[in-house]
Every structure is written in C-alpha cells, then in structure tokens.
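Trainee: My questions concern the predicted model and sequence given below.
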Amino acid sequence: GAVVSQHPSWVICKSGTSVKIECRSLDFQATTMFWYRQFPKQSLMLMATSNEGSKATYEQGVEKDKFLINHASLTLSTLTVTSAHPEDSSFYICSAPGQGHNEQFFGPGTRLTVL
Amino acid sequence: QQQVKQSPQSLIVQKGGIPIINCAYENTAFDYFPWYQQFPGKGPALLIAIRPDVSEKKEGRFTISFNKSAKQFSLHIMDSQPGDSATYFCAAHTGGGNKLTFGTGTQLKVEL
C-alpha cells in the first residue's frame, strides 16, 4: 500500500514556542491530506482537511490561528502548532487518501510534548 | 448523526479465541466501512474494509459482518494471537470529501 511519513516522530518544546510537523506521501500524490489529534486511550479526532493550493478546512472547535496548515505541494502538508501550551501535548497523525479515494493511509504519528 | 458507536471498550480473550468488536452508525450516507489496527505509539493501519452492498468480507483471519438494515457491522478475529493485541477502530466514510468518522476504539488483549 501507499506510504505516508511524518517528521518528526516526537518533539518536546517549551511553552510558548511553535512546532512544525511534516506529513509526506512518499509514493503517491495527495491533493488532500487530513490531520488528526489523539489523546491517550482515545479515538482519533479530525482537526482539519489540508487542501493543496487552497486554504485548509477546519473542524468545528479547532482554532485556525493556533493550528496552521500549509499544503505546499502534492506530497507535503505541514501542521504548525503556534504558541504551544501543555494542553496541546498530544499525538498528531496525518493521513492521505489513496488512488481509490476510499482508502486512507495514515502516517506513523508525531508525539508532541509541551513543557 | 455523524457518530459511529463502538463496543466493547476493552476485551480480553485467550489465544485461539474469536474476539468480536461491534459498531453501529446512524448516517445512511456512509458507504465504506474500514477497520483499523493501532499499536501503541503508531499510526492506524488499515485491516479490512467493506461496502454496504456486501454482507460479509473475509481477509485472512479477519472477517467483517455487515447488517445494512440494522446499520451495524462487526469485526471477528479468528484464531487470535498475542500479536493481535492492539486497539481496533471501526470507521465510516462517505464518498464525497473522503472524511472518516471513527468509532471510540476497542483495546484488545490476547492472552497466552
């Protein structure tokens, strides 16, 4: 199946700093990518849909100015957590739909810890 | 209407047993129902998926049963192994937009 990578796999930062997480589709192009957030022992919560060449679509309750999404190319989407606080500590996962448009391939996730 | 309800929350079975995880949905616009397996600290991986025009799908030791009239579907793991210990998520998807709605997850432990 298709491969989606994320970088970094984990990051620790100080409160108030910004952190950028990259999501890449390695062997296919993705005009759309999705960003999820997962707290321990909980389900995946969709944060936003990243659209290549246009603005991201955010889910209700997700702060656009805090979670900046840029879909720079057909293989790269980035999520920047701005002015991070301890409550932003979570597991962030991206996904991209495959050619069949029903299958979704998930990245390995990025563990963010804000001190 | 967008919810997918999943049960049980956790499940312990003996090696060789057949754990069954159930999901129910309300939105009849859902047209694709995948199951994902997630190990701690990893992203979810697609296990098996079914469309509503099929009542059962089998891939290896994994079987999905689908009841369209009841709006329910379930995952059966045959001959379960300790390596199957993971969290399992059901999900539902509509054709347009590619958005997935996830169930709450089931933490499965297979004991020797």
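Mentor: In hand now; what should we look at?
Trainee: ok now the one helix or strand A:Met33 maps to, how far from the chain's centre?
Mentor: Using DSSP states H and E, A:Met33 sits in strand A:32-38. Its chain's average C-alpha position is 5 Å from that of strand A:32-38, according to Cα atoms, centre = their mean, to the nearest Å.
Trainee: Counting by contacts, list what the host helix or strand of B:Ala91 packs against.
Mentor: Per DSSP H and E, B:Ala91 falls inside strand B:86-93. For strand B:86-93, the elements it packs on are strand B:4-7, strand B:20-25, strand B:33-38, strand B:72-77, strand B:100-102, strand B:106-111, judged by 3 or more Cβ pairs under 8 Å, 6 or more residues apart in numbering or on different chains; DSSP states H and E. Using the backbone N, CA and C atoms, a C-beta is placed for each residue, glycine as well.
Trainee: mean pLDDT lowest for which of those strands?
Mentor: The minimum mean pLDDT among the helices and strands packed on strand B:86-93 belongs to strand B:100-102 (a mean of 92).
Trainee: What residues of that strand count as buried?
Mentor: Residues B:100-102 are the ones in strand B:100-102 that count as buried (16 or more other Cβ atoms under 10 Å in any protein chain shown).
Trainee: when you check chain A, which of the residues you listed turn up near it?
Mentor: B:100, B:102 (Cβ under 8 Å from any Cβ of the partner chain).
Trainee: pLDDT weak spots in chain B?
Mentor: Scanning chain B for pLDDT under 70 picks out B:1-2, B:95-97.
Trainee: Endpoints of stretch A:25-34, how far apart?
Mentor: Chord length of stretch A:25-34, first to last residue, is 12 Å (Cα to Cα, to the nearest Å).
Trainee: Identify the residues contacting that stretch?
Mentor: A:2-5, A:23, A:46, A:48-53, A:71, A:74-77, A:94-99, A:104-105, B:98-100 (Cβ atoms under 8 Å, 6 or more residues apart in numbering or on different chains).
Trainee: among these, which ones are buried?
Mentor: Applying 16+ other Cβ under 10 Å to those flags A:4, A:23, A:46, A:48-50, A:52, A:71, A:75-77, A:94-98, A:104-105, B:98-100 as buried.
Trainee: ok, how many other residues are close to the closest residue to chain A within chain B?
Mentor: Going by Cβ to the nearest Cβ, chain A is nearest to B:Gly43 of chain B, at 3.9 Å. Neighbours of B:Gly43 under the rule other Cβ atoms under 10 Å in any protein chain shown: 22.
Trainee: Distance of it relative to B:Thr63?
Mentor: In this view, B:Gly43 and B:Thr63 are 24 Å apart by Cβ to Cβ, to the nearest Å.
Trainee: And for B:Gln81?
Mentor: 15 Å.
Trainee: ditto for B:Lys109
Mentor: 20 Å.
Trainee: Of these two, which one has the most company?
Mentor: B:Thr63 (18 against 14).
Trainee: ok so that one is a strand residue?
Mentor: Yes: secondary structure of B:Thr63 (DSSP: H, G, I helix; E, B strand; the rest coil): part of a strand.
Trainee: Leaving out chain neighbours, which residue sits closest to it?
Mentor: The shortest distance from B:Thr63 to any non-neighbouring residue, by Cβ to Cβ, 6 or more residues apart in numbering or on different chains, is to B:His76 (4.5 Å).
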